[in-house]
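Asker: structure for the following, please:
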Amino acid sequence: MSGLIQDVQKQVWAACETICAGISEGNKTEDPIFELGIDSLGLAELLITLESQFGEGCISVDEVMEDPSVSAIVSLLLRKGIVESPSTQSKDLEPASPLIAEGKLSMLGGVDVAEMQRSSASATPQGVNSWVRTTHVGSLPRPSGTSLEDIISKQIDAGVDWMNDGEWTRENYISDALSRISGIGGNVQTTGECMCCMPSPSDMHDVPMFARRFTGGNGLITLNPARVAKADVACTGPMAYINPETLFDSLQPFLDVIGSRDRSTCFWSVPSPGTLAVFCEDRHYGDYSKFAGALAEVLRLEYEAVAATGLVLQVDAPCLAMGRHTRHSALTDEEFQEVLRTNVDLINATLVNIDPAKVRVHVCWGNYSGPHHHDIEARHVWPHLLRLNARYISIEGANPRHEHDWEYFAKHVAAKFIELDKVILVGVLDTRSAHIEHPELIAQRLLQYVKVLGPGRVVASTDCGFATTGKSAAITEDIVWLKLAALGEGARIVRQRLVDVGAPEPTSLVYSPTGFRVVVFCDAEAEACPGATELICELAKRSWSLDVLPSGAGVQSGFEQLKYSLDTPMALVALGAQAATMACGVAQLLESDRSVSRRPHTIFTFGPRQPGAECLGAAPLEPEAAKAAAAEIQARMQRRMRFDKRQLTPSGSLLSPATPPSEVDVVVVGAGMLGLYMAVTLTRRGFKVVVLEQRMIIGGIWSMYANSHSQVNSSEGGYSLKDILGESGANRDHATAREMITDIGKLAKEVDASTCCGVKVVRIAKHGDGYMTISQTDHGGTHITSSRGVVLAINDRVGIPRQMTWAGQEEFKGIVTTGTNDNLAHVDWRGKRVVVVGMGAFAIENTRTALEHGAEHVTVVVRRHGTVCPKIIDYLNFVKPFDAEFQHDSTTNIKQMHQWSSLYRKSGATIPECWPEEIKHEGHTISVSDLWFVGHHMGKLCTKVATVDHFDAGGIHLSDGSRLDADIVVVCVGFIRNTHLCEKLTGSDTMKTTNYVDKHLMYLADAEIDHGAFNWFFGSSVLEYAKFFTEVYVAGLEHEEQVGEMLWGADLPTTKIQERKWSGFIAASSKLLKAKADGIPYFADAAHNQVERRTRHFYNTLPPVAYVKSNEAEWVELHTRLNGGKPVPPELQLPYFFKDAASWCEPKAPLA
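Answerer: Numbers count the residues shown, from 1 in each chain. Have a look, this model is predicted:
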């Protein structure tokens, strides 16, 4: 053998030994490489090593796979004439130098990042949100020019959970109801026949000097006895219900608006019979009972019409308290008690056909400024209120005259006079005073009731309405919204102190919008307008990217340019008539192109209205008008992307925590994504299910811990609910938190009636051939639910972020926080120096968020380098075809590993220390991020292996002696896990690797994703894993005799619950699939159907060719975004390594 051959063989063999230290002396060069212990990642590393020694492109994956042995590789290198001497071929794959570090970006004309407003945090609602529910009594200020949409938006922004229309369509709640009753009013004022005096509070007669402050003469009440208010509302004949269509004229706009906002739990107020009798003088019936009874007969029709819409009916009944010192002030206390009984009986009569759970009754002493010293004591009213056929009672608690009433209330509770299902809407805001109550005061008032009733039976509210009539001006609009914001903050304080059940308090319950893209279509003459230039600049500050397309380029050209802009919602802004035509034409082509699934787009035009476009009025000519137009476009785009997590409370639990049923087929513990998926599947298969959730909202970790900018760590098709929802479209690739929680909400609606929130499971006990699930609720004590099976869909891997403190931290002038629960949603990242501590999924996510929103630089401080893959690697793991054993093709595996490894080296990102022996460190996951590599390449991102030693005012000092300047430090060092919950509930510390703890008792939860977890049909996706094991659970119920021993048999492999690993699930599922050969097809069929559905979803929404083109376009845009919005020349960009990836995905057989 020649010396050259020997030298090459030594080089190749040495490379193999470097990659796999386990090669023994007995191995030979003729042995297949895979028998030497080299896997796909190792072979990719070998190819890169050979390229560094013998030249880039010296050998290909396909050539090696023809004969994967050392001797064949040596022969191939020699045959191709590449080798003369190994020592002369040292041509390493050099990492690209960071562009910014070398000053290369100075030639690009990059915009100062500090001037670019890429963050959408400005759209985060300023109101404070709370899970201790908030509401108000009904009427809100109605200034001229205010739209219904404005009123709803302001309530949402103020953090109001349970809202109404603010009585926007009504002059007042009395005249509106009377307009649909014949026999009352109707004559002109001059005749006097129907005119009557409005009641005058008796307390105002004792204070004539104070009473003179009120001009009187109109309105619903006479506050100045010297100027009696009158109204055309006397009853002069038989009463009947008329003109019902006018009610729907008022209701329909409200229903439309809340429907568009997906706000299902709202209310509508109608006065009680006794309240109408307070304001209307009887000149026909001659007897109070007959008069009020006739009103009740008429109002019953109105109440039922409101309830039929799905709205909660609020019965306004000030007659039960205010009536004493107004219309009935001349009665004795005993006589008024009889009126009270009559009024309550009449309310109940009107509600006879309405579910009490859908009714709230408001009681008050009158929304007027006065001494109130003639008010009837609450202790005389409460016994009557408890007879109301309504679950919700709204009372005053802030009026100084009645702030002490909670003591009477507490006595009634202690005496068990108040039914367990009653929920109290406590008025903790005084609607008569301009003082803004301090949130601590609001919390104190609420806690008095919460400590008596429990949090599930208290709702924070107002004493009364803010504007009883449309002309009310006692409190101005600005005061009202500040008060409601304080209400939300006070309720949040209560929850922090009393209600929290182990999850961190979120900064906001509303997900902030993600970014959007702007495309400006511009006519030549419009482009020359200063207003257009200013508009474009303003839009650039408010969006993630901006393109300007001349209208002369044509529709087809515009479509081709935007065809693969799939991941970000687009605002198509037209400047000029021709531009508007082009924008509409491009939009039509985008909508008709069904080859991919893309995010929605919105067309904005100026001037004449265009079909399908939103008109913004006249084109902006001045800078201020341009700024206003840009702000309006931003607001409208972001409004479409917000999600209020309070929508995730099942309708029954929002009103009052539901009581678990006594018997079902299956109890599902946990209303997260996996629990809801299981519940829906079981329900569709005919099983009776109840879902028990200890918190007041569903959604699990997505509603409790995710950030607004969180994205799924798996490709969309590999982590999607679209199949079970029956939807053909797709979310963004690596779906956003808003998209995921929207889909989870849709899933939850299917089992809404079977979901009980506010229920804490304390034990699951064997009982005969089934189980008893013992649970507790705030309002009803302990409950037992018997069932055939139980599924524990409880998370124990993500929890309260682990807190770390260091010396000198109190001196630090910047921000130190964890990166979960949106606690950085309001941070302005622009120009900031960021340090992220840790390298798990949340650390990578916060790194991405910081850079996407304008951070100057991010340093990630790590103990060891976690594994990060580009998006396309994850996509390939799901979309590439499997063989009959659910394994991927080895050749394409090696190709993608080769390109991945090359990307690490070229970008300058540090390769994980565990490579090539292992793909990731034990206990770590694999994070997915393109920005990780582009950021390293551009010098915007780096890592340091060290730990934090201490802080100073302007940065942190590391264990290696170095110091980092910092404005923001994000600590992502793991979670405090609830690892013993399953053991505590079941009494078992072991489980089968099939996920069964016992017969029909499944623990469906995430586990440690260990080595070898990726080349399997459910990959590393917890949702895909859950889909398969959901089918396994159903099969166990339907075919217990046939498959029971395979699922929970005594001889099956077991694992400690706290030590369960992904590889164990894979091994168990592999064994189940093989049972098809023994005549048990359920598991193999389920797996094949699952993969078939998923593959079809990929090919229908984002097929490989389109994905590669889209991903390459995003790759280029990332460079632009990190360069302050200015394009980076191709020669300075990090090369895109996956242009050929689509060819690796060709299915082995046509899809069905």
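Asker: please make it C-alpha for all contacts and neighbour counts, starting now.
Answerer: OK.
Asker: domains of this structure?
Answerer: The record's domain parsing of the chain by automatic domain parsing lists 3-88, 148-189+237-499, 515-640, 652-789+979-1101, 812-822+831-976.
Asker: what about those domains, which gets the closest to Thr805?
Answerer: domain 812-822+831-976 (9.0 Å; Cα to Cα).
Asker: in the stretch 151-300 of the chain, which spans are helices?
Answerer: Assignment of helices within the stretch 151-300 of the chain using DSSP state H, counting those that start in this stretch yields the ranges 173-178, 202-205, 208-211, 245-260, 273-279, 288-308.
Asker: what of the stretch 301-450 of the chain?
Answerer: 333-350, 378-385, 406-414, 439-453.
Asker: same thing with the stretch 551-700 of the chain?
Answerer: Counting by DSSP H, counting those that start in this stretch, the helices of the stretch 551-700 of the chain are 555-562, 577-592, 623-639, 651-655, 673-684.
Asker: deepest-packed of these, please.
Answerer: helix 673-684 (a mean of 23; mean count of other Cα atoms under 10 Å).
Asker: what about the helices of the stretch 551-700 of the chain, which gets the closest to Ile33?
Answerer: Among the helices of the stretch 551-700 of the chain, if distance is taken as Cα to Cα, the winner is helix 673-684, at 41.0 Å.
Asker: for the closest one, output the C-alpha coordinates as CSV.
Answerer: Extracted in CSV, the C-alpha atoms of helix 673-684 (Å, rounded to 0.1, in the frame of the first residue of the first chain):
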residue,chain,number,x,y,z
MET,A,673,-54.2,21.5,26.2
LEU,A,674,-53.7,17.8,26.8
GLY,A,675,-56.6,17.5,29.2
LEU,A,676,-59.0,19.2,26.9
TYR,A,677,-57.8,17.2,23.9
MET,A,678,-58.5,14.0,25.9
ALA,A,679,-61.9,15.3,27.1
VAL,A,680,-63.1,16.3,23.6
THR,A,681,-61.9,13.0,22.1
LEU,A,682,-63.6,10.9,24.8
THR,A,683,-66.8,13.0,24.5
ARG,A,684,-67.0,12.4,20.8
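Asker: which of the helices of the stretch 301-450 of the chain comes out lowest on mean pLDDT?
Answerer: Of all these, the minimum mean pLDDT falls on helix 406-414 (a mean of 74).
Asker: could you give the separation of it from the chain centroid?
Answerer: Centroid separation for helix 406-414 versus its chain: 38 Å, with Cα atoms, centre = their mean, to the nearest Å.
Asker: show residues contacting the host helix or strand of Val858.
Answerer: In the assignment (DSSP states H and E), Val858 maps to strand 857-862. Identification of contacts with strand 857-862 by Cα atoms under 8 Å, 6 or more residues apart in numbering yields 832-839, 847, 850-851, 939-948.
Asker: repeat that with 6 Å
Answerer: Residues outside strand 857-862 that contact it (Cα atoms under 6 Å, 6 or more residues apart in numbering): 833-838, 940-946.
Asker: any idea of the mean pLDDT in the following helix or strand past that strand?
Answerer: Later in the chain than strand 857-862, the nearest helix or strand by DSSP H and E is strand 867-869. Strand 867-869 shows a mean pLDDT of 91.
Asker: following strand 867-869, which helix or strand comes up?
Answerer: helix 871-879.
Asker: the helix or strand that that following helix is followed by versus helix 871-879: what angle between them?
Answerer: Sequence-wise, the next helix or strand downstream of helix 871-879 (DSSP H and E) is helix 890-907. Angle, helix 890-907 to helix 871-879, by axes from the mean of the first three to the mean of the last three Cα atoms, to 10 degrees: 170 degrees.
Asker: so which bits of helix 890-907 are buried?
Answerer: Residues of helix 890-907 classed as buried: 891-907 (neighbour count, 16 or more other Cα atoms under 10 Å).
Asker: from the chain's centroid, how far away is the strand holding Val858?
Answerer: 28 Å.
Asker: then stretch 235-250?
Answerer: 43 Å.
Asker: same deal with stretch 831-850?
Answerer: 21 Å.
Asker: what's the separation between Val70 and Ala277?
Answerer: To Ala277, Val70 is 99 Å away according to Cα to Cα, to the nearest Å.
Asker: go on, Leu299?
Answerer: In terms of Cα to Cα, Leu299 sits 12 Å off from Ala277.
Asker: who has more neighbours, these two?
Answerer: Between Leu299 and Ala277, counted using other Cα atoms under 10 Å, the more crowded position is Leu299 (27 against 22).
Asker: show the model's pLDDT score for that one.
Answerer: In this model, Leu299 is scored at 96, pLDDT.
Asker: alpha carbons of the strand holding Val858, in PDB - could you do that?
Answerer: Taking C-alpha atoms only, strand 857-862 is exported to PDB below (Å, rounded to 0.1, in the frame of the first residue of the first chain):
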ATOM      1  CA  HIS A 857     -26.900  43.300  22.100                       C
ATOM      2  CA  VAL A 858     -27.700  40.200  24.000                       C
ATOM      3  CA  THR A 859     -25.200  38.100  26.000                       C
ATOM      4  CA  VAL A 860     -26.400  34.700  27.100                       C
ATOM      5  CA  VAL A 861     -24.600  33.500  30.300                       C
ATOM      6  CA  VAL A 862     -24.600  29.600  30.400                       C
END
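Asker: let's have the contacts of strand 857-862 in a markdown table, adding pLDDT.
Answerer: Shown next, in a markdown table, are the contacts of strand 857-862 (pLDDT from 0 to 100):
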| residue | pLDDT |
| --- | --- |
| Arg833 | 96 |
| Val834 | 97 |
| Val835 | 97 |
| Val836 | 96 |
| Val837 | 95 |
| Gly838 | 91 |
| Lys940 | 95 |
| Leu941 | 95 |
| Cys942 | 95 |
| Thr943 | 95 |
| Lys944 | 95 |
| Val945 | 95 |
| Ala946 | 95 |
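Asker: filter these to the buried ones?
Answerer: Arg833, Val834, Val835, Val836, Val837, Gly838, Lys940, Leu941, Cys942, Thr943, Lys944, Ala946.
Asker: how many residues are close by Glu716?
Answerer: Neighbour tally, Glu716, other Cα under 10 Å: 27.
Asker: for it, what are its contacts?
Answerer: Asp733, His734, Ala735.
Asker: do you know the pLDDT at the last one?
Answerer: Think Ala735. 79.
Asker: now do it against Thr568, distance only.
Answerer: From Ala735 over to Thr568 the distance is 11 Å, taken as Cα to Cα.
Asker: with neighbour numbers in mind, choose between those two.
Answerer: Between Ala735 and Thr568, Ala735 has the larger neighbour count (other Cα under 10 Å), namely 22 against 19.
Asker: closest one to Thr134 among the helices of the stretch 151-300 of the chain?
Answerer: Closest to Thr134 of these is helix 245-260 (Cα to Cα; 17.0 Å).
Asker: in that closest one, what's buried?
Answerer: Here helix 245-260 shows Leu247, Ser250, Leu251, Phe254, Leu255, Val257, Ile258 as buried, counting by 16+ other Cα under 10 Å.
Asker: give me the contact list for it.
Answerer: Residues contacting helix 245-260 (Cα under 6 Å, 6+ apart): none.
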